[in-house]
Structure formats: C-alpha cells, structure tokens
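Chemist: need a 3D model of the sequence below.
(one chain, ligands or ions: 1)
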Amino acid sequence: MQFGVISIFPEMYQALTDFGVTGRAVDKGLVSVDVWNPRDFTIDKYQTVDDRPYGGGPGMLMKVEPLKYAIEAAKAKLGSQSKVVYLSPQGETLTQDKAQQLAQEASLIFLAGRYEGIDERLIETQIDEEISIGDYVLSGGELASMVVMDSVIRLVPEVLGHDMSAVEDSFVDGLLDCPHYTRPEEHEGRKVPDVLLSGNHEKIRQWRLKQALGRTWEKRPDLLAKRDLSKEEDALLQEYKRDVQG
Ligand SMILES: CN(C)c1ccccc1CNc1ccc(C(N)=O)cn1
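Modeler: Next up, the predicted model:
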C-alpha cells in the first residue's frame, strides 16, 4: 500500500517510517511513505506557503497553489485515482471501521494543515475526505495523519503476520481488550490469574472473552450496544455481572 503526505515538516514522518511495526512494514516493502513539501512548489523567492486571511482575524492560512501542485505531484507518483484525505477537527471521526475502509485503497494521500488551516477552495477542489482523530485541536495535521496511517498500516496483510492479526480481533470485533500478564507470576503480592497458568486453552479463551465483554460493559457500554452477542458471549457477560455483584 502506498501513502503520500503533503506537509511542510517532512521529517516528522520518521516517527512512522523509522520505528516499530510501521517501520518494519516500510523496510519489508509492504508499505511506502513519500512526503511532498508544499514549499518546493512555490515560485516566490521566500517560498511562501501561507498568507493572511481575507476578512481579517488572527493567524495565517495555507495558500491554495503550493498545496495544489504538491497534491498533483503526489498523484503523478501514486496515481490520479488516489484518495486525498484532509485531517481537520471538521472531519468524520476516525474509527476502526473507517481504518478498515481506508486499508482497502491502493494508495492514499494525506494533507497535513498548519497555521490556522487551509483555503476552503482547496478543500472544495482537491479533498475527497475529511477525517478527525478526535474532538481536540492540534498545532498541525501531521500527528493526526500519522495516527490514521498507523491504524491503516496495521491492517495491511502481512504487516502484523498471521498470528498477531488474531490478537487484533479483540478490538476489531468491537470489544475492549482483556487484561494481559507476563512474568513474574507474582508482583507486589498480586498473582497472575490461575486460568492463564492452567494450559487449558479453551478455558483461557473463555476467560479472555468474558473479561473483554465485562470491561466493555463497564467502560464503554456504547460499544456493547452496537454489537450483537452470541449465546456464549451473553452467558459469559451475565457471569461477569454476577461476579462483580459478589
Ligand atoms: C491548526 N488547526 C487547528 C487546524 C485547522 C484546520 C485544519 C487542520 C488544522 C491542524 N490541526 C488539527 C488537525 C486535525 C485535528 C484532529 N482533531 O484530527 C486537530 N487539529
């Protein structure tokens, strides 16, 4: 899968390309990340990418032309059909389902805004989708674009490897994750639950599913409301509720 980014801070994307799961995906050639800097598409001596807002007001806006030419350069490499995504507080909030949708694309181009945002006409003429990573304001779209890219890259086949993708299901199927433990068996008097030491994989599967259901019920009832429960899941959740009632 190919990713293009338009940003005046290209070096920020080393956080994605140089580390961990996403870095290995790039190394393995499963994913590519190219960044185009709008400054390279200016024609004035000062490489101006921002200007004052019509109608007055504080701050600056990103000019249309440098962004337009940068997007065109990205499309020339990634394909003219590439979907162009703008990160902004006005966008549709990112969910795992949205990440799954984006992961079906062959290539995506992300536009990271800076200053107070971008000229509306660029949005009207060049942007296919607006996405927000949540209801808060950041200094630029770069971190938001990396959050989206990270969530999508994990869904590209082979990135997590077969065994890991099963782990991914714990959230992807709409539940919060179960508790996890590793050595030592006891820490400050707190033991690892016996079932996890039992080697009984069916019992372990049931325990993990029960914990995921219970935690979702306690912390995110809204997620539970959106999800149909199998007979087994319903029974496990009832058991969890009885346990916590003591
Ligand atoms: C400078 N700002 C406020 C701005 C204004 C308009 C567009 C982009 C930006 C860049 N900032 C962003 C981007 C995304 C998110 C998000 N929630 O996804 C939060 N902030």
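Chemist: from here on, just use CA atoms for contacts and neighbour counts.
Modeler: Noted.
Chemist: in stretch 127-135, what's buried?
Modeler: By neighbour count with 16 or more other Cα atoms under 10 Å, stretch 127-135 contains the buried residues 127, 130-133.
Chemist: could you dump the residues you listed into TSV with pLDDT and distance to the ligand added?
Modeler: Shown next, in TSV, are those (pLDDT from 0 to 100; distance: Cα to the nearest ligand atom, whole Å):
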residue	pLDDT	distance to the ligand
I127	98	12
E130	98	9
I131	98	6
S132	98	3
I133	98	4
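Chemist: widest-spaced pair of those?
Modeler: Maximum pairwise distance among the buried residues of stretch 127-135 (Cα to Cα): 16.9 Å, between I127 and I133.
Chemist: I figured R208 was touching Y181, is that so?
Modeler: No: the pair R208 / Y181 is not scored as a contact, 11.6 Å apart, by Cα atoms under 8 Å.
Chemist: in terms of neighbours, single out the busier of these two.
Modeler: Between R208 and Y181, R208 has the larger neighbour count (other Cα atoms under 10 Å), namely 19 against 10.
Chemist: okay, and that one sits in which element?
Modeler: helix 201-219 (DSSP states H and E).
Chemist: what's the following helix or strand past that helix in contact with?
Modeler: Downstream of helix 201-219, the first helix or strand assigned by DSSP H and E is helix 221-225. By Cα atoms under 8 Å, 6 or more residues apart in numbering, the surrounding residues in contact with helix 221-225 are 174-175, 213, 216-217.
Chemist: please apply the same query to stretch 109-116.
Modeler: Taking Cα under 8 Å, 6+ apart as the rule, stretch 109-116 contacts 3-7, 50, 59-62, 71, 74, 82-88, 139-142, 145.
Chemist: close to the ligand: what parts of this structure are there?
Modeler: 87-89, 113-117, 132-141, 144 (Cα under 6 Å from any ligand atom).
Chemist: if you set the cut-off to 5 Å instead, what comes out?
Modeler: Selection of the chain residues close to the ligand by Cα under 5 Å from any ligand atom yields 87-89, 113, 116-117, 132-134, 136-141.
Chemist: buried members of those residues into PyMOL, please.
Modeler: Burial among those is assessed by 16+ other Cα under 10 Å; the matching PyMOL selection reads:
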select buried, resi 87+88+89+113+117+132+133+140+141
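Chemist: mark which of the residues of the chain next to the ligand are part of strands, please.
Modeler: 87-89, 132 (DSSP state E).
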